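Engineer: Below: sequence and its predicted model.
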Amino acid sequence: MATHAETTIRIDAMTVDLLDPAVPTDTMIGLDYFTNVRISNIQPDSSTIVKTLQVQGLRWEISPNAMQCTVTTLEPIVDGFIIGSAERGIIGVSAMTY
């Protein structure tokens, strides 16, 4: 609770058009659950929100003329054990959480 005591503007999801030449397509295709992503969101008042979030879901929409990915995000796990992770899957080092 202490890590989320102060609220900020959330970025729950983003939709990315992979046919846009400015999008790093290889990076998007390589995303997986629990991947940390740094997102910059330009607000209507021209201010920018920059957050580091974790990927929690990927929904692909692919057709002959479109390729979009909606990435669902959440605040990063502060500490936890993730099976198969080289950073968070070390028995005896990583904390077991649920």
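Structural biologist: Done, it's in.
Engineer: What helices and strands are in contact with the lowest-mean-pLDDT helix or strand in the chain?
Structural biologist: When the helices and strands of the chain are scored by mean pLDDT, DSSP states H and E, strand 36-42 comes last with a mean of 87. On a contact count with 3 or more Cβ pairs under 8 Å, 6 or more residues apart in numbering; DSSP states H and E, strand 36-42 meets strand 48-63, strand 66-74. All C-beta spots, glycine's among them, are computed from the backbone N, C-alpha and C.
Engineer: Pairing partners for it, with directions?
Structural biologist: Paired neighbours of strand 36-42 in the sheet (DSSP bridges): strand 48-63 (antiparallel).
Engineer: and the partner strand, average pLDDT?
Structural biologist: Per-residue pLDDT over strand 48-63 has a mean of 92.
Engineer: Pull it out as CSV, backbone CA atoms only.
Structural biologist: C-alpha atoms of strand 48-63 as CSV (Å, rounded to 0.1, in the frame of the first residue of the first chain):
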residue,chain,number,x,y,z
THR,A,48,4.0,15.5,-20.8
ILE,A,49,3.6,12.6,-18.5
VAL,A,50,6.4,10.1,-18.5
LYS,A,51,5.9,6.8,-16.7
THR,A,52,7.7,3.4,-16.5
LEU,A,53,5.0,0.7,-16.5
GLN,A,54,4.8,-3.0,-17.0
VAL,A,55,3.1,-4.8,-19.9
GLN,A,56,0.1,-6.8,-18.5
GLY,A,57,-1.6,-7.6,-21.8
LEU,A,58,-1.3,-7.5,-25.6
ARG,A,59,-4.2,-7.4,-28.0
TRP,A,60,-3.3,-7.6,-31.7
GLU,A,61,-5.6,-6.4,-34.5
ILE,A,62,-4.2,-7.5,-37.9
SER,A,63,-5.9,-7.1,-41.3
